[in-house]
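>>> need coordinates for the following:
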Amino acid sequence: MLTKYLTFILYDSISNSIFISQVLKPILNLLQEDVNLEVYLISFEKTRPSNKTLQELIPAHNRLHFILCRRLPFISKFTLNFAVFQLNELFRFIDYQNIIARGPLAGWIAQKTLNNISRYKDTSNINLKIQARGLNAEEYRFSYQNITENFFIKRFRKNIYRQLHKIELEAYRKNTGLNFLKTIEAVSPALKEYLITNFNASRSKLYLAKNDIPQSINEKQILLWRQEVRNNLNIKLDQPVYCYSGSYKPWQCIPEIIEYFFEQYNKNKKCFLLILSHDKKDLENLLILQKIPTHSYVIIDANYNDLYKYMAASDVGLLFRDKDIINWVSRPTKMLEYEAVGLKIIHNQTINWLENQS
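Numbering: from 1, shown residues only. Model prediction:
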């Protein structure tokens, strides 16, 4: 059998919290399904990860080849040209017939590189898939919209927003003059429609993502984990357990989540809050401030490999978000993880995917 090659381009770093679940695991699944497949994983990083970090994140695999490239601080499309130059050099030595680019920045870089190559080489057999995982410009705007800053910094941020918006437009819009096949993979129906309406994406070349959705856990395994974790944490089997898994970030709406749990606790003193987070100190301070009884919650700094195990001990997953377009079109990773262990999800009607399920 002939060897097949896949080139995966990453521009949002292997240190991103979703790298393992949304990037690495789907790649490893593809390698397991097809023994004739080899993958080049190209990651553009601002700083070189330590050897320890690389060993922890990138598993040794004879058909997975990790390539590290330099990423410049983003100011405009011009700063992406350095990535285009590096990718153009790499493509002289590796196979790039099938390319997956995660996000509009990686997609723009791949598209411009292929446009450059097509001037002197036939690229009609090249397939480029751009994974649309959110709205970069709107996410940037959301990150800074409530911060008080001086006039010059605000002008600078508006320029960055406009530049990101232009890149998304160029990455996602339908192009009639391309010398290669470009498709787009969106994470939700709402995002798919947004890309068509706002970025003139081609409906016929736009698909919903499926390969990065976690598989449902076996019910017997869930029951075993449920009993084990509840025994270890001294949680009785008849106690309703609410789970929050995530970080302590403003857009995670932690105060609203704690307020909701406190309402449930006042209705039923058996209710218990299981928090899975690395931000233990910040969450503890907030829980104390909200006067949540210490016997009614526990905070666990769990490794990714243990997340499902702890979630399985719960009955409900809590997922609150601010009312904003970035959340409306999203497909939160935590939602997928909650669903994988069969949790009922309580949310605040800010995510289209969950609204449709309701």
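>>> right, and T79 touches F85 too?
No: between T79 and F85 there is no contact under Cβ atoms under 8 Å: 11.5 Å. For the C-beta atoms, the positions are set from N, CA and C on the backbone; glycine is no exception.
>>> quick one: the helices in the protein?
Ranges of helices in the chain, per DSSP state H, are 25-33, 51-57, 81-90, 103-117, 136-144, 151-172, 189-199, 219-232, 254-267, 280-289, 307-311, 325-328, 333-340, 352-357.
>>> against which helices or strands is the shortest one packed?
Translated: helix 325-328. If you count contacts as 3 or more Cβ pairs under 8 Å, 6 or more residues apart in numbering; DSSP states H and E, helix 325-328 packs onto helix 136-144.
>>> hmm, back to that, mean pLDDT lowest where, among the helices of the chain?
Ranked on mean pLDDT, the bottom entry among the helices of the chain is helix 352-357, at a mean of 86.
>>> contact partners of that helix?
Residues outside helix 352-357 that contact it (Cβ atoms under 8 Å, 6 or more residues apart in numbering): 188-190, 319, 328-331, 335, 345, 347, 349.
>>> save those residues as TSV, and put in neighbour count and distance to E45 too.
Formatted as TSV, those follow (neighbours: other Cβ atoms under 10 Å; distance: Cβ to Cβ, whole Å):
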residue	neighbour count	distance to E45
S188	22	28
P189	14	33
A190	19	31
L319	25	30
W328	19	31
V329	24	27
S330	24	25
R331	22	25
M335	19	28
I345	18	34
H347	19	34
Q349	12	37
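>>> adding distance to K25, write these out as TSV.
Output for these, formatted as TSV (distance: Cβ to Cβ, whole Å):
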residue	distance to K25
S188	19
P189	23
A190	24
L319	21
W328	26
V329	23
S330	19
R331	16
M335	16
I345	21
H347	24
Q349	30
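>>> which single one of the residues you listed is nearest to Y248?
For these, the residue nearest Y248 by Cβ to Cβ is L319; the value is 15.1 Å.
>>> beta partners of that closest one?
As for beta bridges, L319 partners with H347 under DSSP bridges.
>>> that one against E337, yeah?
No: proximity of L319 to E337 does not meet the contact threshold set by Cβ under 8 Å, at 10.1 Å.
>>> report the residue ranges of every domain in the protein.
Annotated domains of the chain cover 4-208, 219-357 [automatic domain parsing].
>>> now L191: how far from V229?
Relative to V229, L191 is positioned 34 Å away (criterion: Cβ to Cβ, to the nearest Å).
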